[in-house]
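Undergrad: below is the sequence, then the predicted model.
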Amino acid sequence: MPAVSKGDGMRGLAVFISDIRNCKSKEAEIKRINKELANIRSKFKGDKALDGYSKKKYVCKLLFIFLLGHDIDFGHMEAVNLLSSNKYTEKQIGYLFISVLVNSNSELIRLINNAIKNDLASRNPTFMCLALHCIANVGSREMGEAFAADIPRILVAGDSMDSVKQSAALCLLRLYKASPDLVPMGEWTARVVHLLNDQHMGVVTAAVSLITCLCKKNPDDFKTCVSLAVSRLSRIVSSASTDLQDYTYYFVPAPWLSVKLLRLLQCYPPPEDAAVKGRLVECLETVLNKAQEPPKSKKVQHSNAKNAILFETISLIIHYDSEPNLLVRACNQLGQFLQHRETNLRYLALESMCTLASSEFSHEAVKTHIDTVINALKTERDVSVRQRAADLLYAMCDRSNAKQIVSEMLRYLETADYAIREEIVLKVAILAEKYAVDYSWYVDTILNLIRIAGDYVSEEVWYRVLQIVTNRDDVQGYAAKTVFEALQAPACHENMVKVGGYILGEFGNLIAGDPRSSPPVQFSLLHSKFHLCSVATRALLLSTYIKFINLFPETKATIQGVLRAGSQLRNADVELQQRAVEYLTLSSVASTDVLATVLEEMPPFPERESSILAKLKRKKGPGAGSALDDSRRDPSSHDINGGVEPTPSTVSTPSPSADLLGLRAAPPPAAPPAPSGAGNLLVDVFSDSPATQPGLGPSPEEAFLSELEPPAPESPMALLADPAPAADPGPEDIGPPIPEADELLNKFVCRNNGVLFENQLLQIGVKSEFRQNLGRMYLFYGNKTSVQFQNFSPTVVHPGDLQTHLAVQTKRVASQVDGGAQVQQVLNIECLRDFLTPPLLSVRFRYGGAPQSLTLKLPVTINKFFQPTEMAAQDFFQRWKQLSLPQQEAQKIFKANHPMDAEVTKAKLLGFGSALLDNVDPNPENFVGAGIIQTKALQVGCLLRLEPNAQAQMYRLTLRTSKEPVSRHLCELLAQQF
């Protein structure tokens, strides 16, 4: 790159910067800046033409003023003119100004594109690099459309300089990440692979980054890169540090390129060619050997670079999972790091060993480090390291060490950090169930779990223990005796009362022969806890009492007295009151035979996958996923508790949230089934009452924040969920949305519940809730006819690149919908980045043999992820001024389409998601709101002002946000509501 000559020092710029730094106050700085802006404006508008040096100097001053936080609304044309200069420094400043200040929707974009095209065609490597840097820095879709076809040609051209190839590869990578659909795959893809053989290491590094990104979507187009990557990696690994002096970092040859090559190889399976595979294995062994050598430097940079290559090598070995020798060596190497003084190394070692534990080749080697891992769980200061140690214990657990590991985890649970207690509880519950040969040990473990950490024992855990006890005759008596003893403790957790109430209600007769646990004693013990429990637990205990009347007739009078008490018959809670009345009447009216039939012992629960696994899956711990691959090393562990594979009727889309509401967990039999009918298909969709009965678990609203986690489709936990469904259709496989799709979507912008679609065949209802960047939506499909729907298949489709902005996990519904019936589909939603277009809902089915299909727009808009924000008037106006750039504001003046009612307007704004701020606007008729759009990637602040004019029947809506597309989109959405 050309050196800057002494004459390019721009003394005027240096003086201006010095003046700004010497300002004593903010007012003095603004005064000096305004003076300079006036001077620059007069120079640009003057009759005298400015030379290139002057333009460059003034454009630099404007750029500096912008970086100080002031608005710049002129000078753009002068910066564009600098692009046509033949001087490097002038062209450089022009490109810098454009990269920072020019908006992608600017009217000057065509002139800028023409200048960039001229530089790309100039064959001057310096100018070409400047143009490529500008394209990458702006990275807009408009830039992609203009240059996506040209950059690949520059990249693979034989006469391109190395610096140009490097810049072209990185520029193409930037455009592909921003708009993947704009980068055409063609003959250049085969040629770009050969850049891995380039002599210039910078070109190779950039090419590897590009190929790694491209091959994830089009692996077949780049599969020839494997042999070239192995060859290049072999040359680097076998070279001495002196061979690659320009790319040696603290005695480690080309560490960044080595890591990138290892990551690229993880995109493909092991090489099929024996020679390539042998060479790769030799490389991996060399890296493992070098890790054993004494360090060549005591500097931390040397160890970081060396360990980065080592850990990436181990990741590749784990990915291949086909070389027993390498897997064991990797495990031994990681074992050395478990006691390293560096906390980061200990963390990474534990994390990698979690994955190694799932391999049949290295599982035994991992188990040899059990004492070290247990010690780490007890002594580590960093909570994240302790959590990884717990994950590794979970992953290395099998029948031979299950009791030891469960015992250590229970012991640790007493002092564990509150942040990880729930996850450890789930893991202990799963291990105790999975490896329980003696079920008395399993019952003891779960009751101990409830005693130690009852607040963190979720309903999935105690539901599961009830299922297992009910299904196994050999453990029922022991469970009844043990839980009876546990309930005698003065301080007894409510979950223990729930388990005790259910087990004693079902199997209390098995211990009734002992005078110490006679029926009156059992009832007295349970009833002593009654007044200390929540409504849900009391409801369960009332069901236990009516069971006692059937099991122990001698307790009938006592229990009827309790049910007859005014505190029950006139209870403020309708569920408790109804149970007391119904159970009292049942015990008084029904004969002994009828009572025995109605209250007979619960039948065994159908065998199903444990819902605790789905709960743990949502926690997304690496150790949790690793242990699920135990089937490769312990095939018999699948059916330790008599479990069977899920039947097709229970198969759902693998989803970390597939059991959000405990739908798979069999609940205690305390609550009677809710009546259902097909008369009103959506009778319970929009009610405010919970969908579940008291005593069966939290309502969706209560469970939302505690249970909903961002979906993790790549988690190994999905292996245990259900067989993978067939691929969902893409946007090209479905028809266009129905004509009224936009109108139907607009109905849900300010509300979450309602009927999305209805015709003579089908009714679709929606009920949804959103918190921060997460959402849960229930879709209710009602068959309005008397004929069964066949092949019923509702699918959510992401048009364009929406999938990178919005993640939607769906639960599969039954493929047949009977006449007059309704099915429910649960959608778990995560907003990754701001988006403009909603996902599509495609519904296909056969009615009377004829195929039916329709496509709707799913009511998920960006405002659903609003978090209302309260602020004082001063803070509001200060923030309003900060968002004063033209591209940050969107304004619309429009005529009212509905009667202008202040209360209705207020309700719509609140439904839109923003907080309404009182006493902020001087005009009390105006509405002012504030909120934050929550996405996983970033937060977008939003301020709005709605000014109604009742006389003219008009509105003026102004929105300001920190992102231009969000401002325009929110303005359009909200304007359509009035």
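TA: Yep, that arrived. Numbers count the residues shown, from 1 in each chain.
Undergrad: helices along the stretch 201-350 of the chain, start to end?
TA: Taking DSSP state H, counting those that start in this stretch as the criterion, the stretch 201-350 of the chain carries its helices at 201-215, 225-238, 255-265, 274-292, 300-320, 324-337, 343-356.
Undergrad: which helix or which strand is home to I116?
TA: Per DSSP states H and E: I116 is located in helix 109-121.
Undergrad: okay, buried residues for that helix please.
TA: 109, 111-113, 115-116, 119-120 (16 or more other CB atoms under 10 Å). For glycine as for every other residue, the C-beta is placed from the backbone atoms N, C-alpha and C.
Undergrad: still on that earlier bit, nearest to Q852, of the helices of the stretch 201-350 of the chain?
TA: For those, distance to Q852 was read as CB to CB. The smallest value, 39.6 Å, belongs to helix 201-215.
Undergrad: so how many other residues sit close to the closest residue to E964 other than its chain neighbours?
TA: Distance criterion CB to CB, 6 or more residues apart in numbering; nearest residue to E964, sequence neighbours excluded, is Q887 at 4.2 Å. Residues lying near Q887 (other CB atoms under 10 Å) number 14.
Undergrad: pretty sure Q887 is in a helix, no?
TA: Yes - counting by DSSP: H, G, I helix; E, B strand; the rest coil, Q887 is found in a helix.
Undergrad: residues near V259, how many?
TA: Neighbour count for V259, taken as other CB under 10 Å: 18.
Undergrad: what ranges does the stretch 51-200 of the chain have for its helices?
TA: Under the criterion DSSP H, counting those that start in this stretch, helices of the stretch 51-200 of the chain are mapped to 52-67, 76-82, 88-101, 109-121, 125-138, 141-147, 150-156, 162-178, 188-193.
Undergrad: of all these, which one is nearest M201?
TA: Going by CB to CB, the one of the helices of the stretch 51-200 of the chain nearest M201 is helix 162-178, 9.5 Å.
Undergrad: by contact count, what packs against that closest one?
TA: Helices and strands touching helix 162-178, by 3 or more CB pairs under 8 Å, 6 or more residues apart in numbering; DSSP states H and E, are helix 125-138, helix 141-147, helix 150-156, helix 201-215.
Undergrad: which of these has the lowest mean pLDDT?
TA: Ranked by mean pLDDT, those end with helix 141-147 in last place, scoring a mean of 85.
Undergrad: Q951 looks like it's in a strand, true?
TA: No - counting by three-state DSSP, one finds Q951 to be coil, located in no strand.
Undergrad: show the pLDDT at L682.
TA: At L682, pLDDT is 34.
Undergrad: ok, the one 10 residues further on next?
TA: In this prediction, T692 carries a pLDDT score of 35.
Undergrad: what of T286?
TA: At T286, pLDDT is 91.
Undergrad: now do F64
TA: 92.
Undergrad: what's the burial count for it?
TA: 16.
Undergrad: list the contacts of it.
TA: By CB atoms under 8 Å, 6 or more residues apart in numbering, the residues touching F64 are 13, 16-17.
Undergrad: ok, it to S25 distance?
TA: Between F64 and S25 the computed distance is 19 Å (CB to CB, to the nearest Å).
Undergrad: ok, back up a step: what's the closest of the helices and strands packed on helix 162-178 to Q266?
TA: For the helices and strands packed on helix 162-178, distance to Q266 was read as CB to CB. The smallest value, 9.1 Å, belongs to helix 201-215.
Undergrad: what's in contact with that closest one?
TA: Defining contact as CB under 8 Å, 6+ apart, one finds that helix 201-215 is touched by 162-163, 165-167, 169-170, 172-173, 176-177, 183, 189, 192-193, 195-196, 198, 221-223, 225, 229, 232, 244, 246-247, 254, 256-257, 260-261, 263-264, 267-268.
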